[in-house]
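Undergrad: I'd like to go over a predicted model; first the sequence, then the structure.
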Amino acid sequence: MTLPSDYIERVYAGVLGKIIGVYLGRPFEGWTYDRIMAELGEIWYYVHEKRHVPLIVTDDDISGTFTFLRALDDYASGRKITPAQIGQTWMNYLIEEQSVLWWGGLGNSTEHTAYLRMKHGIPAPASGSIAVNGKTVAEQIGAQIFIDGWAMVAPGDPELAAELARKAGSVSHDGEALYGAQVLAAMEALAFVESDVERLISTAVTFIPRDSVIYRMVQDIREWHAKYPDWRMARQQIEAHYGYDKYGGNCHMVPNHALIHLGLLYGAGDFQKSLMICNTSGWDTDCNSGNLGCLMGIRNGLAGIDLGPDWRGPLSDRLYLPTADGGRAVTDAVQQTYFIANLGRKLAGLKPLAPKGGARFHFELPGAVQGFLPDESPEGRGNLALENVAGHSQRGKRSLALHYRHLAPGRHAQAATATFIPPDTLKMPHYGLQASPTLYPGQVVSTRLEADSANPGPVTARLFLNFYDAQDQPCRQDGPQGMLYPGQAHELTWRIGDLGGCPIFEVGIELTGSQTTPSAPDKGTVYLDYLAWDGEPEVTFTAPAGGRGQLWKRTWTCSASAFESRGEPFRIIQNEGRGMIIQGTRQWTNYRLEADLVPHMLTACGIAARVQGLQRYYALLLAPQGKVRLVRALDGETVLAEADLAWRYEQTYPLALEVQGDWIRAWLGDAQLFEVQDGSLPSGGVALVCEEGRMATDAVRVRPLPTP
């Protein structure tokens, strides 16, 4: 597989097209064509304000697309990845009844049904098969809505994309659902190197049986397109021959796949018109629009998206991925683009890309703002505009221009990006937003800023962060500052101090002016080259003193039956099996984890390090039958070391776990219990583990260790 020269930008356009399409269609998901026309009219742009709903939301189409693809990163199988491994990825990242899926119940929600099959020992692909679940359940739309990432790692290779789509889709679906997913994935992969729509379709359908419903339907739509000049007439034919009345279940693949082809053919290559037709036609609008948006984004590139209205401005690259790996929940389109593109590069035998030394915010893609938004407070409103521009970077090709104005005394210009659940998303409708912060005390933030040479005078730039205090109220902490004279650059470095358990939800840059001559215009530009942080945290997780706030608890991604604070900050209850509460990010590598655990009535409890979801971690456990164990969870559980310990209920056990390079060391108080070498899991967050019962602790402490 040879990658196209513009591969990274085309992936970015595909990612943007996906989330634009989902956000565009989400406010009227499930509506019929007649209702859409009666209440909204043709859908040429975002309608969330008309529907009085937010634009940026958690959505299963987005979460599943960018989560299940992680199987390629978690396993070293490459092109030989198996449905069973992709199914294991589901079980690792999904929190039952909470994250990603529509948890509609056995036999009602196809994905929930497949999850329950795997939970009870039926692996993929049997978990999604017609033989196990029946034809109607197996042929719903989910195989298609999660498929885009598998195509984007196979640019120009529709055969590989169709194969990966079949494997991924078979975790939960079968039959016509797999055929639709294969056709879409093949078209998306081919769109990297081919723009002719008829060739995209003709090639894609070669990967599915000629006697399938999907194959016959696609040929019918192509004939209707040749016969009817108006897309509305073709839509009527789709409804008459392939409508919901003919295909049962909650959201069948066949009718909705038809609308993707309708928009693709009648859209005549135009991004906006294609999405208008697809969305105005109704039914599962966010799913169909998201898939078609991704396809059109890949085909047309960034320029094709930008030809129409401002799709990208309201978006600002923002998206959320709530899973058991909470440190990856608050993210942006650029981060997901590089994740996908690096998987594609890996399949092609190439090294990964890490712009500007792996900086989290590097702005290296045209138009990217990576979630940065101007301040809209009374003191800052209208004082700042953001623009991605070429140049003004020491280690890259692009930067984020902060165009400021009106920096009179008492006024400022500032921009910030989220590092945890922002205030306006705390009550996210429908799918809740579970997340851990991405920035913690003890970590070191760094940035490089450059003042435009035409600025009228110096400005002061400072780092700042916002956090939730003990009462859950937003508070600010200022960091270091520097004076930027015209044409000069400045680097700022800030080690974040202790915040008493309060979580950081935002980090940003503030600009303030100095007194200028009356004739000098009070406006100019500062370029943000990058913003990054590194190192492990030095932090104590506990309830902030003096308050009744609950947001500190929301930083823990919870798969346990209950997480309460009654007498002690951490009271974890698990009714059946093993439950966890997880904190941290995949970037943590070398650190010491400590907690004084009190087991109450339970089977086992402990602490875990390098946690990468519900089934990938190292744990030190007070285990059944008077044992203490060091275990590795990775596609099953392996005991790395074990000793006798007659632990008792209601007693306190100070446990510590160190992960440093390939070494894992465990302590009980001052006594070292184990030292083993295992390099299976090189990084990840921390967790408290509870198995069938109740445990408690007052605090969880993490501190960095040197790189070995």
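TA: All right, it came through fine.
Undergrad: out of everything not next to it in sequence, what's closest to W150?
TA: L164 (4.1 Å; Cβ to Cβ, 6 or more residues apart in numbering). Using the backbone N, CA and C atoms, a C-beta is placed for each residue, glycine as well.
Undergrad: so what's the one you found up against?
TA: R79, I81, W150, A151, V153, A154, A185 (Cβ atoms under 8 Å, 6 or more residues apart in numbering).
Undergrad: how is this protein divided into domains?
TA: Using automatic domain parsing, the domain parsing of the chain gives 7-320, 358-539, 556-704.
Undergrad: gap between the two ends of the second one?
TA: Read it as domain 358-539. Separation of the first and last residues of domain 358-539 by Cα to Cα, to the nearest Å is 24 Å.
Undergrad: circling back: just the contacts of L164 now: which is nearest E510?
TA: Distance to E510, by Cβ to Cβ, is smallest for V153 among the contacts of L164, at 39.3 Å.
Undergrad: and what about the residue nearest to G579 when sequence neighbours are not counted, helix, strand or coil?
TA: Of all residues not flanking G579 in the chain, A560 sits nearest, at 3.1 Å (Cβ to Cβ, 6+ apart). Following DSSP: H, G, I helix; E, B strand; the rest coil, A560 is assigned to coil.
Undergrad: circling back: what comes up buried for whatever helix or strand the residue nearest to W150 lives in?
TA: Using DSSP states H and E, L164 sits within helix 158-169. By 16 or more other Cβ atoms under 10 Å, the buried positions in helix 158-169 come out as P158, L160, A161, A162, E163, L164, A165, R166, K167, A168, G169.
Undergrad: how about those residues in a markdown table, adding pLDDT and distance to V193?
TA: Listed next are those as a markdown table, based on pLDDT from 0 to 100; distance: Cβ to Cβ, whole Å:
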| residue | pLDDT | distance to V193 |
| --- | --- | --- |
| P158 | 98 | 10 |
| L160 | 98 | 13 |
| A161 | 98 | 12 |
| A162 | 98 | 15 |
| E163 | 98 | 18 |
| L164 | 98 | 17 |
| A165 | 98 | 18 |
| R166 | 98 | 21 |
| K167 | 98 | 23 |
| A168 | 98 | 22 |
| G169 | 98 | 23 |
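Undergrad: that older thread, in terms of mean pLDDT, which of the domains of the chain ranks lowest?
TA: Mean pLDDT across the domains of the chain is lowest at domain 358-539; the value there is a mean of 92.
Undergrad: how far does that domain sit from the chain's center?
TA: Relative to the chain's own centre, domain 358-539 is displaced by 22 Å; criterion: Cα atoms, centre = their mean, to the nearest Å.
Undergrad: gap between the two ends of stretch 475-492?
TA: Taking Cα to Cα, stretch 475-492 runs 21 Å from one end to the other.
Undergrad: what's that stretch in contact with?
TA: Outside stretch 475-492, the residues that touch it by Cβ under 8 Å, 6+ apart are 394, 445-469, 493-494, 499, 502, 510, 524, 526, 529.
Undergrad: tally of neighbours for L3?
TA: L3 has 18 neighbours, counted by other Cβ atoms under 10 Å.
Undergrad: element containing it, please.
TA: Counting by DSSP H and E, L3 is found in no helix or strand.
Undergrad: so what's it closest to, chain neighbours aside?
TA: A348 (5.5 Å).
Undergrad: and that neighbour, how many neighbours?
TA: A348, neighbours per other Cβ under 10 Å, totals 15.
Undergrad: I'd like the distance between it and R398.
TA: As for A348, its distance to R398 is 24 Å (criterion: Cβ to Cβ, to the nearest Å).
Undergrad: likewise for Y527?
TA: 10 Å.
Undergrad: shared neighbours of the two, anything?
TA: The contact sets of Y527 and R398 overlap at V389, G391 (Cβ under 8 Å, 6+ apart).
Undergrad: where do the strands sit along the stretch 301-450 of the chain?
TA: In the stretch 301-450 of the chain, the strands defined using DSSP state E, counting those that start in this stretch lie at 318-320, 330-332, 373-374, 384-390, 398-405, 413-418, 444-451.
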